[in-house]
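Asker: 3D, please:
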Amino acid sequence: MTNEITIRPITYDDTENVVRWRNSEYVNSRFIDRRLFTKESHEAWLKNYVETGKVAQFIILLNGEPVGSVYLRDIDLDKKEAEYGIFIGEESARGKGVGTESAKLILKYAFDELKLEKLFLRVFKNNPGAVRSYEKAGFKKNDRTDILNINGEMLEVIFMELEKKDFEKR
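Answerer: Residues are numbered from 1 along each chain as shown. Predicted structure coming up:
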């Protein structure tokens, strides 16, 4: 059986899954912002960011079942850029190419529908699986890095980007 990977716009009905995923140790440890999510904070995010167009967020479906989320945040239509983010919340969906395929779907949306010219992301250096997935989707490391103190742990952040012209060559 082949895995069918699709994305659909996030809804309030996804709140329970998103809160559970984001609060899991696995997902939370891969985010810079590690505050715990609540139903109220997530619904405020949907109202203040998704509904206003500052964020385009989608639920990742693997064979029709929700397994994570992929999104564009800080969308700047004047600069034609946004920050890319993703998380695979269901352990059973990890390591199966879901992230790479989901990235390709939202990249097409970003460049074709939103008419963006560049996407960027931040990823911890100690997450090589994510870096590989981003590279498979077309992102390239740039020269910028940063060191962040997160809960007393010094973590190196890698910056990656993808321009529309490079995506179209693929």
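Asker: show me the contacts for residue 6.
Answerer: Taking Cβ atoms under 8 Å, 6 or more residues apart in numbering as the contact definition, residue 6 lies against 60-61, 64, 105. C-beta here means a position set from N, CA and C on the backbone, and glycine is covered the same way.
Asker: out of those residues, which are inside helices?
Answerer: residue 105 (DSSP state H).
Asker: for this protein, which spans come out with low pLDDT?
Answerer: Residue ranges of the chain with pLDDT under 70: 1, 170.
Asker: looking at the contacts of residue 6, which has the most residues close by?
Answerer: With neighbours taken as other Cβ atoms under 10 Å, the top of the contacts of residue 6 is residue 60, carrying 27 neighbours.
Asker: Okay, and which of the contacts of residue 6 map to strands?
Answerer: Among the contacts of residue 6, DSSP state E puts 60-61 in strands.
Asker: Closest one of the contacts of residue 6 to residue 80?
Answerer: Comparing the contacts of residue 6 against residue 80 with Cβ to Cβ places residue 105 closest, at 19.5 Å.
Asker: Give me the phi and psi for the nearest residue to that closest one once chain neighbours are set aside.
Answerer: Closest residue in space to residue 105, ignoring its immediate chain neighbours: residue 7 at 5.0 Å, by Cβ to Cβ, 6 or more residues apart in numbering. Torsion angles at residue 7 (phi, psi; degrees, to the nearest 10) stand at phi -130, psi 150.
Asker: Contacts for the strand or helix carrying residue 148, please.
Answerer: Taking DSSP states H and E as the definition, residue 148 sits inside strand 140-150. Residues outside strand 140-150 that contact it (Cβ under 8 Å, 6+ apart): 32, 34, 122, 125, 131, 154-162, 166.
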